[in-house]
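*Asks:* Quick one, structure for this:
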Amino acid sequence: MVRCHDSTAGIGPEHPLRLLFTRLCRWALIQRVGIQEPQVATYLADLLTRFTHRDNVYRIRDAAGRPLDDVGEMLLESDPRARASSFEREREVRRHMGDYTLFSLGLFPEYLGRHATTLVPDMFLDWARVGRDSYRIVAAFNIGPHAEEAPLFARLSEHFDFCALGLNYVKQELDRMTDPTVRVFRDTFGED
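*Replies:* Coordinates of the predicted model:
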């Protein structure tokens, strides 16, 4: 099993990118979606920050060291009866699957049409189910070193669809911020 380190270690809590993602995720969840979960919004901002580096998006690798981008392959990799060498590995892969499906559904739903795991007519529901189930399984690791964060993953599972919607609002806002008209307005009036 080959693991990659977190490639965003240099993006600290006060880094402008992390601050932007935090502001946008809180706005999207609280104002747009109506989820009053600041800790969930912070997790989503951290997810966006981590996934700015490609190595983190594809950090789960098989025994040969090949990065996995297929949810079906990740499911096999997470199964302690198949490929996972331990329950800790199951938790690691399941957390990544929750993150990967949430990120994909929220920011790149069009990606699913080209990279679906199976030929299910409504792939969004399938990926959402896998993401919800993955976070629920991660939340079940509620003892020892993972006890403190287990409730967060339970809330991510419970609010998975709303989190995906919130990330889609973040994407729309980022798109709007890069629109030339918005940039001119922001530059002219000092908006940030």
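*Asks:* show me the contacts for the spatially most central residue of the chain.
*Replies:* Nearest to the centroid of the C-alpha atoms of the chain, with distances taken as CA atoms, centre = their mean, sits Asp99, at 3.0 Å. For Asp99, the contacting residues are Leu47, Arg50, Phe51, by CB atoms under 8 Å, 6 or more residues apart in numbering. C-beta: built from backbone N, CA, C; applies to glycine.
*Asks:* Next, work out how far apart it and Leu17 are.
*Replies:* Asp99 sits 17 Å away from Leu17, going by CB to CB, to the nearest Å.
*Asks:* Can you tell me what sits against stretch 104-112?
*Replies:* Outside stretch 104-112, the residues that touch it by CB under 8 Å, 6+ apart are 123-124, 127-128, 131, 163-168, 170-171.
*Asks:* how about those residues, which pair is most distant?
*Replies:* Using CB to CB, these span at most 21.5 Å, a distance reached by Met123 and Val170.
*Asks:* Looking at the two, which one has more neighbours?
*Replies:* Counting neighbours by other CB atoms under 10 Å for Met123 and for Val170 shows that Val170 has the greater number, 25 against 18.
*Asks:* Surely the more buried one touches Leu48?
*Replies:* Yes. Under the criterion of CB atoms under 8 Å, Val170 makes contact with Leu48 at 7.2 Å.
*Asks:* Spell out which residues are contacts of both of these two.
*Replies:* In terms of CB under 8 Å, 6+ apart, Val170 and Leu48 are both contacted by the residues Phe21, Cys25.
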